[in-house]
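Q: Kindly return the folded structure for what I paste below:
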Amino acid sequence: VTRQHPSKVRINYGLKRTPIIWLSQTGTGDSIDPSNVSKLVHTIRNFVRDNKGSVILLDGVEYLKLQNGFVLLMKYLHMINEIIMVEGARLILPVNPKAFTESEMAFLEREMRVFGKYDIL
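A: Numbering: from 1, shown residues only. The predicted model follows:
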């Protein structure tokens, strides 16, 4: 699994003019650190409300799991998915399967399918 900058995601998914919010620990100017979950959820909610049809690129899922545990990670993903469902956004979730147990990965994939608008890279 490779991490992709939003410009590469635009090319790979044909999202020329689609607004993308990049949630990453890179610290670059166009990213938001996902470790502050309340700020993360607030930022996502505002972004997708103001940018209909937008894409959320949530990088650093492994970090969120490491910092918070798998159960809390799933709670965060559910909060994000609820926002996405209401606002009509799309979630791109790059995941390194090696960072999860086999059962965690199966659960993650199953739960994300419930929400429909997601991609696991």
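
Q: Nearest residue to the middle of the protein?
A: Residue closest to the average C-alpha location in the chain (Cα atoms, centre = their mean): residue 58, at 2.7 Å.

Q: Assess the claim that it and residue 89 are in contact.
A: No - counting by Cβ atoms under 8 Å, residue 58 does not reach residue 89; the two are 11.3 Å apart. Where C-beta positions appear, they are placed from N, C-alpha and C, glycine not excepted.

Q: Would you mark the buried spots in the host helix or strand of residue 43?
A: Element membership of residue 43, judged by DSSP states H and E, is helix 37-50. Across helix 37-50, burial judged by 16 or more other Cβ atoms under 10 Å covers 37, 40, 43-45, 47-48.

Q: next structured bit after that helix?
A: Following helix 37-50 in sequence, per DSSP H and E, is strand 55-58.

Q: Sort out which residues of the longest helix along the chain are buried, please.
A: For the chain, the longest helix by residue count, based on DSSP state H, is helix 70-87. Residues 70, 73-74, 76-77, 79-81, 83-84, 87 are the ones in helix 70-87 that count as buried (16+ other Cβ under 10 Å).

Q: Make TSV from those residues and add distance to residue 62 and pLDDT to it.
A: Listed next are the buried residues of helix 70-87 as TSV, based on distance: Cβ to Cβ, whole Å; pLDDT from 0 to 100:
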residue	distance to residue 62	pLDDT
70	11	93
73	9	87
74	14	90
76	13	85
77	13	87
79	18	87
80	16	86
81	18	86
83	22	87
84	21	84
87	26	83
